[in-house]
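# can you look at this prediction? I've put the sequence above it.
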Amino acid sequence: MLGAWSTAAAQEPAKFVGALQELDGDHDRSLAAVQELQAGGEPAAITIRDAWSTLSRRAQRRLIAALASLARNHEPAVECLVEAARSPDEQIREGALSALRRAGPAGWEGLITLLPEPEVGDRAAVLLARTEPDAAISPLLDALMAEGGDERPVLRSALATAVQRAGQTVEPKLRAWLEAEPSPSGVANAALALASIEDYAPVVAVFIEYAAPSSNDFATTWRLLQSAATAGPSEAVDHWIQSQLQAPEGWMLRRAAVDAIAARGRRTDARIALEDPYPRVRARAARVLSKDPDSMTARATLARKDTWPMVRAEAVTSLRNEPVATPVIVAAVDDPMSEVRAAAIKVLTRTSHDEGWDRIHAHLRGRNEWPQVAAAAIDYVVAHCRTDAVDALFTIVRRVASPSALTDDINNAAHAIVALRVLNTPEAEAAVRQLRGSTGVPPTLEMALEEPLSKHRPCAPASP
């Protein structure tokens, strides 16, 4: 096992060679060997390092404690722990990383050595950021700049941790790093890492100002837009986001630009996105422009005429706080697509009046109505205490007697039972009593019949 040693290693004191051979022995022998190696200083550290690849996993595990002690003063032990941290054996790997963390500056340099390697570098980044945050910042920035760094979110998280823990000494380092003209992709990574830290909003803005003009790939632009939402005030950043609202390619970037400009308090700049050629961008623009009076007509037009149901549904929802648009919402209850019908009913459920009830009642009674629409209609019944819905609710419950009843049908039946109990009229109580006296009621419905109604206020006095 030890025949592969180099000549230099073979010249080390024979007692360390013998100690290594004892590591696969019983507990007492191996413990004595570890203690001897731990006390052996640099010669022992060199012996272990040079023999490491020839040792069994069992021996390697037993050596971690000795290496942890030796690493504080002897570089060969640090080198060995770095190699151990690459082990496929989780116990060896974690033990080595933990030992490097505890070994002081020399051990932290070992963790830095591992940062470029995704397999172990992410864990090393986390430990380094928590242990020595000030020393971690520059290496973490370098790792984010390296090839593949932008695909490692743990590095960004570690940088954020290090910045938060390092305190006031960080901002000059970050600005000095920017003066070295790093790549736009690396700066975008750093900006995204810092975006969640309120105190660094001005720095994030500076990073975006630097990287945005040279950003020419999707990933970099995406990260800059995500960072811009919380970046500090900057006319340059705002102007750049506006340019992304009309970018010729990449609907995801245009949608992200809508979110970013709205988050920065300039949502009216997103009005142009209501005419975007891609439906998801139009839908997002409608959402962020809710209660914007100057775009209400455009959003109402989308709610009535857009060819994509997701856009019509989002536009209908965006009109929820604009009473003058109520007729548009009521008309959407009869939209040919269930997604839009459900959205319209949900909006009307939250109003103080019961406009649209005739249309909603018809959909509640419709045997072939989609479950999401029926669920929204049941919520409307409860919110507006529509006591004339008892028959329709009871019909929904009876439908689950069919062997073809789906999970959504059963859930809506339970929902309807709760609604009957909340309505609290003689007719509703009679329906509930009939159900309680029935046999073979599914467990989901039994729960609905008996669960407390603490979340609901009864609509009418109980019958005597």
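Perfect, thanks for sending it.
# got a list of what Tyr149 touches?
Careful, residue 149 is Gly; it's not Tyr. Residues in contact with Gly149 (CB atoms under 8 Å, 6 or more residues apart in numbering) are Ala143, Leu155, Gly186, Asn189. Bear in mind the C-beta positions are built from the backbone N, C-alpha and C, glycine included.
# Phe16 now?
For Phe16, the contacting residues are Glu36, Leu37, Gly40, Pro43, Ala44, Thr47, Ile48, by CB under 8 Å, 6+ apart.
# can you go through these and name the buried ones?
Glu36, Leu37, Gly40, Ala44, Thr47, Ile48 (16 or more other CB atoms under 10 Å).
# now those as JSON lines including secondary structure?
Shown next, in JSON lines, are those (DSSP: H, G, I helix; E, B strand; the rest coil):
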{"residue": "Glu36", "secondary structure": "helix"}
{"residue": "Leu37", "secondary structure": "helix"}
{"residue": "Gly40", "secondary structure": "coil"}
{"residue": "Ala44", "secondary structure": "helix"}
{"residue": "Thr47", "secondary structure": "helix"}
{"residue": "Ile48", "secondary structure": "helix"}
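# distance to Val170 and pLDDT for those residues - can I get that in JSON lines?
Shown next, in JSON lines, are the buried ones among the contacts of Phe16 (distance: CB to CB, whole Å; pLDDT from 0 to 100):
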{"residue": "Glu36", "distance to Val170": "44", "pLDDT": "86"}
{"residue": "Leu37", "distance to Val170": "40", "pLDDT": "88"}
{"residue": "Gly40", "distance to Val170": "41", "pLDDT": "88"}
{"residue": "Ala44", "distance to Val170": "39", "pLDDT": "88"}
{"residue": "Thr47", "distance to Val170": "41", "pLDDT": "89"}
{"residue": "Ile48", "distance to Val170": "37", "pLDDT": "89"}
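# may I have stretch 15-23 as PDB, with CA atoms only?
The C-alpha coordinates for stretch 15-23 follow below in PDB (Å, rounded to 0.1, in the frame of the first residue of the first chain):
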ATOM      1  CA  LYS A  15       8.100   6.100  13.200                       C
ATOM      2  CA  PHE A  16       5.700   8.200  11.100                       C
ATOM      3  CA  VAL A  17       5.700   5.500   8.400                       C
ATOM      4  CA  GLY A  18       4.900   2.900  11.100                       C
ATOM      5  CA  ALA A  19       2.100   5.200  12.500                       C
ATOM      6  CA  LEU A  20       0.500   5.400   9.100                       C
ATOM      7  CA  GLN A  21       0.500   1.600   8.900                       C
ATOM      8  CA  GLU A  22      -1.300   1.400  12.200                       C
ATOM      9  CA  LEU A  23      -4.300   3.500  11.100                       C
END
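# tell me the mean pLDDT over that stretch?
The average pLDDT for stretch 15-23 rounds to 77.
# just stretch 276-295 next, same as before
97.
# which residues sit against it?
Under CB under 8 Å, 6+ apart, the answer for stretch 276-295 is 251, 254-255, 258-259, 262, 267-268, 270-271, 273-275, 299, 302, 306, 308, 310-311, 313-315, 317-322.
# apply 7 Å and report the result again.
With contacts defined as CB atoms under 7 Å, 6 or more residues apart in numbering, stretch 276-295 is touched by 251, 254-255, 258-259, 262, 267-268, 270-271, 273-274, 299, 302, 306, 308, 310-311, 314-315, 318, 321-322.
# any chance of the buried ones among the contacts of Phe16 in TSV, with distance to Thr349 too?
Output for the buried ones among the contacts of Phe16, formatted as TSV (distance: CB to CB, whole Å):
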residue	distance to Thr349
Glu36	77
Leu37	73
Gly40	76
Ala44	75
Thr47	76
Ile48	71
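# follow-up on the earlier one: out of the contacts of Gly149, grab the one that's most surrounded.
Greatest neighbour count in those, by other CB atoms under 10 Å, goes to Asn189: 32 neighbours.
# that one and Ser183: what is the separation?
Remark: distance between Asn189 and Ser183 (CB to CB, to the nearest Å) = 9 Å.
# please apply the same query to Asn424.
From Asn424 to Ser183 the distance is 67 Å (CB to CB).
# of the two, give the one with the bigger neighbour count.
A direct count of neighbours by other CB under 10 Å for Asn424 and Ser183 places Asn424 higher, at 20 against 14.
# how about that one, nearest residue that isn't a chain neighbour?
Using CB to CB, 6 or more residues apart in numbering and skipping the chain neighbours, the partner closest in space to Asn424 is Pro458 (4.1 Å).
# can you tell me the SS state at that neighbour?
Once three-state DSSP is applied, Pro458 turns out coil.
# so it is in contact with Leu420, correct?
No - in this structure, Pro458 is not within contact of Leu420 by CB atoms under 7 Å, at 11.2 Å.
# can you pull out the helices in the stretch 251-400 of the chain?
251-263, 279-288, 296-305, 309-318, 326-332, 338-349, 357-365, 371-384, 390-398 (DSSP state H, counting those that start in this stretch).
# any weak-confidence spans in the stretch 301-450 of the chain?
402-404 (pLDDT under 70).
# rerun that using 50 as the cut-off
Filtered on pLDDT under 50, the stretch 301-450 of the chain yields no residues whatsoever.
# if I look at the residue most central in space within the chain, how far off is Asn189?
Here the mean C-alpha position of the chain is nearest to the C-alpha of Pro153 (CA atoms, centre = their mean), at a distance of 11.1 Å. Pro153 sits 9 Å away from Asn189, going by CB to CB.
# Pro323 too?
According to CB to CB, Pro323 and Asn189 sit 46 Å apart.
# Val432: neighbour count?
Neighbours of Val432 using other CB under 10 Å come to 19.
# might you report the residue contacts of the closest residue to it other than its chain neighbours?
Once flanking residues are discounted, Val432 sits nearest to Leu420: 5.4 Å by CB to CB, 6+ apart. Contact analysis of Leu420 by CB under 7 Å, 6+ apart lists Val390, Leu393, Ala428, Ala431, Val432.
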